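1. No letters, just coordinates:
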């Protein structure tokens with residue numbers, strides 16, 4: 001299989017598993033799912049030179065923000081899959097290792113902690129949210145689940161399953 005296609009598939013698979021986890025968390029724990037419309041709004045405002053918002057929820061809505069947010073979510077998942085492959089290469093493609101995948105997944109929490117959350121007005125590592133420690137723990141868990149998804153997707157592809 002082409003490495004680019006493999007990378008796309010593990011990124012999409014891992015992102016989909018993270019989304020399923022989000023739905024399960026909502027059912028079991030009553031936790032809200034991520035509002036990708038707000039993320040799309042933040043991204044869309046960047047095209048006008050606005051990278052920081054006091055509160056993205058109160059910023060002007062933009063056309064197709066939900067679509068923008070969902071597409072960005074999956075493209076970022078693919079980029080993180082590519083990061084895993086760039087670090088571990090053909091060895092990982094041929095023999096996916098859970099530890100490496102989960103490590104990469106957890107490390108990716110740096111982006112929301114230091115780019116997305118501050119840019120949307122939530123502060124560094126959700127410091128301006130009502131319960132920052134809870135937000136941080138859930139972000140780490142979500143990204144750990146994403147890493148698990150990288151592994152499961154890589155393993156499934158190697159076993160001949162399609163995602």
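-> Yep, it's here. Keep in mind it's a predicted model, so treat the numbers as computed, not measured. Numbering: from 1, shown residues only.
2. Tell me which residue lies nearest the centroid of this structure.
-> Central residue of the chain (C-alpha atoms, centre = their mean): residue 77, 5.4 Å from the mean position.
3. tell me the contacts of the closest residue to it other than its chain neighbours?
-> Excluding its sequence neighbours, the residue lying closest to residue 77 (C-beta to C-beta, 6 or more residues apart in numbering) is residue 15, at 3.2 Å. Quick note: C-beta positions are derived from backbone N, CA and C, even for glycine. Counting by C-beta atoms under 8 Å, 6 or more residues apart in numbering, residue 15 touches 73-74, 76-78, 146, 149.
4. Is residue 15 within a helix or a strand, and which one?
-> helix 3-29 (DSSP states H and E).
5. Mean confidence (pLDDT) on that helix, please.
-> Averaging pLDDT along helix 3-29 gives 96.
6. just stretch 45-64 next, same as before
-> What stretch 45-64 shows for mean pLDDT is 95.
7. just stretch 77-96 next, same as before
-> Mean pLDDT, computed over stretch 77-96, is 97.
8. buried set for it?
-> Residues 77-78, 80-85, 88, 92-93, 96 are the ones in stretch 77-96 that count as buried (16 or more other C-beta atoms under 10 Å).
9. where exactly do the helices run in this protein?
-> All helices of the chain, identified by DSSP state H, fall at 3-29, 36-46, 65-94, 98-107, 110-111, 117-119, 132-158.
10. just to revisit the earlier point, would you tell me which one of the buried residues of stretch 77-96 comes nearest to residue 112?
-> Set against residue 112, the nearest of the buried residues of stretch 77-96 by C-beta to C-beta is residue 80 (11.6 Å).
11. List only buried entries from the contacts of residue 15.
-> By neighbour count, with 16+ other C-beta under 10 Å, the contacts of residue 15 hold 73-74, 76-78, 146, 149 as buried.
12. of all these, which comes closest to residue 134?
-> Closest to residue 134, out of all of these and judged by C-beta to C-beta, is residue 146, at 18.7 Å.
13. contacting residues for the closest one?
-> 14-15, 17-18, 77, 80, 105, 108.
14. For it, give its distance to residue 10.
-> Residue 146 sits 11 Å away from residue 10, going by C-beta to C-beta, to the nearest Å.
15. repeat for residue 46
-> 27 Å.
16. Those two: who's more crowded?
-> A count of neighbours by other C-beta atoms under 10 Å puts residue 10 above the other of residue 46 and residue 10, at 31 against 11.
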